[in-house]
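Asks: 3D model of this:
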Amino acid sequence: MTAPAYDPDNIFAKILRGEIPSFKLYEDADTYAFMDIMPRADGHCLVIPKTPCRNVLDASPEQLAAVMKTVQVMAHAVMKAFGAGGVTLQQFNEAVGGQEVFHLHFHILPRHEGVALRPPGKMADMEVLKAQAEQIRAALG
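Replies: Numbers count the residues shown, from 1 in each chain. Got it, this is the predicted structure:
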């Protein structure tokens with residue numbers, strides 16, 4: 001079974017082109033990290049490759065390596081910024097696997113003992129996201 005072609009008009013591709021605003025946290029030659037606008041935890045952010053791929057199933061080894069390097073950087077930063085005791089990583093592949101945006105992305109969620117994740121799908125207050133983004137950028141040093 002062949003996966004559908006990459007859609008260059010997905011929301012993350014538009015963010016990379018600057019057509020849709022985002023709260024940028026970190027960027028290097030290969031990856032981009034930004035705040036999730038429907039966070040399930042304070043500090044919930046996303047890491048994506050700058051090059052097109054739908055998900056893990058069609059990503060190149062180079063794309064995966066670059067993304068995972070940035071995921072690790074961001075995991076340390078969100079734990080520091082929010083005094084978290086751990087971090088949850090989420091990554092979904094294809095609609096049946098729970099994927100909603102078909103551009104490879106990893107969710108990074110700082111976690112605290114006894115605090116459940118919020119339900120998905122609720123838009124955050126943009127001023128709160130802006131402040132959290134500043135905390136994370138400060139933790140990146």
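Asks: can you tell me the closest non-neighbouring residue to residue 31?
Replies: residue 70 (4.1 Å; CB to CB, 6 or more residues apart in numbering). The C-beta positions use only the backbone N, C-alpha and C, and glycine is treated the same way.
Asks: pretty sure that neighbour is in a strand, no?
Replies: No - per DSSP: H, G, I helix; E, B strand; the rest coil, residue 70 lies outside any strand segment and is helix.
Asks: now do the strands in this structure.
Replies: 24-27, 31-35, 45-49, 86-90, 106-111 (DSSP state E).
Asks: what does the first one contact?
Replies: For strand 24-27, the surrounding residues in contact (CB atoms under 8 Å, 6 or more residues apart in numbering) are 32-35, 45, 70, 73-74, 77, 133, 136-137, 140.
Asks: and which of the residues you listed is nearest residue 96?
Replies: residue 45 (25.2 Å; CB to CB).
Asks: hmm, back to that, and the contacts of strand 24-27, which is closest to residue 57?
Replies: residue 70 (19.7 Å).
Asks: so how far is residue 26 from that closest one?
Replies: 7 Å (CB to CB, to the nearest Å).
Asks: quickly list what's touching both of those two.
Replies: residue 33.
Asks: more neighbours: these two, which one.
Replies: residue 70 (22 against 17; other CB atoms under 10 Å).
Asks: contacts only, for that one.
Replies: Residue 70 makes contact with 26, 28, 30, 31, 33, 47, according to CB under 8 Å, 6+ apart.
Asks: redo the strands of the chain as a markdown table? Include mean pLDDT and distance to residue 15.
Replies: Shown next, in a markdown table, are the strands of the chain (pLDDT from 0 to 100; distance: least, CB to CB, whole Å):
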| stretch | mean pLDDT | distance to residue 15 |
| --- | --- | --- |
| strand 24-27 | 98 | 9 |
| strand 31-35 | 98 | 7 |
| strand 45-49 | 98 | 8 |
| strand 86-90 | 98 | 18 |
| strand 106-111 | 98 | 15 |
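Asks: most tightly surrounded among these?
Replies: strand 45-49 (a mean of 25; mean count of other CB atoms under 10 Å).
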